[in-house]
Each structure stands twice: as structure tokens, then as C-alpha cells.
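Enquirer: Need the 3D shape of this:
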Amino acid sequence: MKRKQFLAAGAGGMVLLWLQGCGGGGDDAGNGNGGLPPVLTSCSATEIVGNHGHTLTVAVADLNSTTPKSYNIEGSAGHNHTVILTVDQLGELKFGRPVSVTSSNTLGHTHLVTVTCV
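Expert: Next comes the predicted model:
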């Protein structure tokens, strides 16, 4: 193979690889919005391990916070735990990805809380 043929064949392969890498459709959030977060209407605890009446609701507006947010999850449990969501965790929720965090320790126990926004 001559040098000119070799270079032409290599360039064609690079174009093919480049085109394969430029498939359209999704984004990092996997929602097809071109990198924009999905439209969310509610955020809440979808799982609280060892739950005995605790609840958690996160205001959708909190997802834009530039500081960590703290939530009380007492519900009907008769005692409170605190859940803190970091700015990074709020950002994950904003893109529709669930986040799990451990609550504060109260009465000798904690809860693993999973928050999901839809």
C-alpha cells in the first residue's frame, strides 16, 4: 500500500469513528433533553430502611440550592432524624437520579433514606 492510499484509508476510518461517536438522542441525564434536567414535580423518600413512620418531602425548588439542605423526617415516628442533602446530591436529584443518604442517629439508630424526584 502506498503512503497516499494508507493516509486516505486512515482518514476514512477516523471519519467513521467520529460519526459513530456522534450519535444523537441521549445526554448525560439519559432523558433526551440535550443535557437539560427533566421537568420535575415532586421529590420524596421512596425508601427509608427500617422505617417506622418517618417521611421526607423535598421541595423541587430546593434542587437549585447552592448550599446543603437539612430536612427533618419525624413523620408519625414519635422521634426525629435529620437528613442532609449536599449540593452535589441535590444536583443528582435535579437530573432525575435517586440519591441515598444516612440520617442522623437518634435513639441509637439511623435510617438509610433514598430520595427520588419525578
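
Enquirer: got any ranges where this structure has weak pLDDT?
Expert: For the chain, the stretches with pLDDT under 70 are 1-34.

Enquirer: care to break it down by domain?
Expert: 1-32, 43-117 (automatic domain parsing).

Enquirer: want to throw those domains into a markdown table with mean neighbour count?
Expert: Backbone N, C-alpha and C define where each C-beta goes, glycine included. Putting these into a markdown table (neighbours: other Cβ atoms under 10 Å) gives the following:
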| stretch | mean neighbour count |
| --- | --- |
| domain 1-32 | 10 |
| domain 43-117 | 16 |
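
Enquirer: Would you check that K94 makes contact with L40?
Expert: Yes - counting by Cβ atoms under 8 Å, L40 is a contact partner of K94 at 7.3 Å.

Enquirer: Next, show the common contact partners of those two.
Expert: L63, C117 (Cβ atoms under 8 Å, 6 or more residues apart in numbering).
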